[in-house]
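S.K.: this one's structure only:
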């Protein structure tokens, strides 16, 4: 998978780095020291290259761990595998931002409009029931007021 490709790229990078920093170039940089003690120069070069490789590998491993790259690579591999089974092509930008935004937003907005219409209908039904209840309450209050007036007149 992609994790293996990444590891191969890192290994290739390290090989090319070591090749670019050859012993001959190292010795040319420290020519005076090389002429005096070539064995020590070789030993220093070997230690330098070894520590450089170790340091780079540790840094890359730290980046992989912090970025959770192994899991992300596996997830990406799964997404690619799932995409192979899809019949319709994946979305690609047209190059015209207005059309791209419209094509992405219109389905969402239509779905949201449908949801809002449903909620509006429910609220209108609820308001109708409340309005009927209020009217019934007003009618009852009017009846009670008439009853009170009739009893008041009867009492007087």
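M.R.: In hand now; what should we look at? All values derive from a computational prediction rather than experimental measurement. Residues are numbered from 1 along each chain as shown.

S.K.: what helix or strand is the most centrally placed residue in the chain on?
M.R.: Centroid-nearest residue in the chain, with C-alpha atoms, centre = their mean: residue 72, separated by 11.4 Å. Counting by DSSP states H and E, the element that carries residue 72 is helix 69-84.

S.K.: for that helix, packing partners?
M.R.: Packing partners of helix 69-84 (3 or more C-beta pairs under 8 Å, 6 or more residues apart in numbering; DSSP states H and E): helix 2-20. Glycine gets a C-beta too; all of them are placed from N, C-alpha and C.

S.K.: got a pLDDT number for the residue nearest to the centre of the chain?
M.R.: Looking at residue 72, its pLDDT is 89.

S.K.: coming back round to it: quick one: contacts of the helix holding residue 72?
M.R.: 1-3, 6, 63-64, 90 (C-beta atoms under 8 Å, 6 or more residues apart in numbering).

S.K.: dump the residues you listed into a markdown table; add pLDDT as well.
M.R.: Formatted as a markdown table, the contacts of helix 69-84 follow (pLDDT from 0 to 100):
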| residue | pLDDT |
| --- | --- |
| 1 | 79 |
| 2 | 84 |
| 3 | 84 |
| 6 | 88 |
| 63 | 88 |
| 64 | 85 |
| 90 | 73 |
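
S.K.: buried among the residues you listed? Need that as a selection in ChimeraX.
M.R.: To isolate the buried members of the contacts of helix 69-84 in ChimeraX, using 16 or more other C-beta atoms under 10 Å:
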select :3,64
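
S.K.: could you give the average pLDDT over stretch 133-141?
M.R.: 97.
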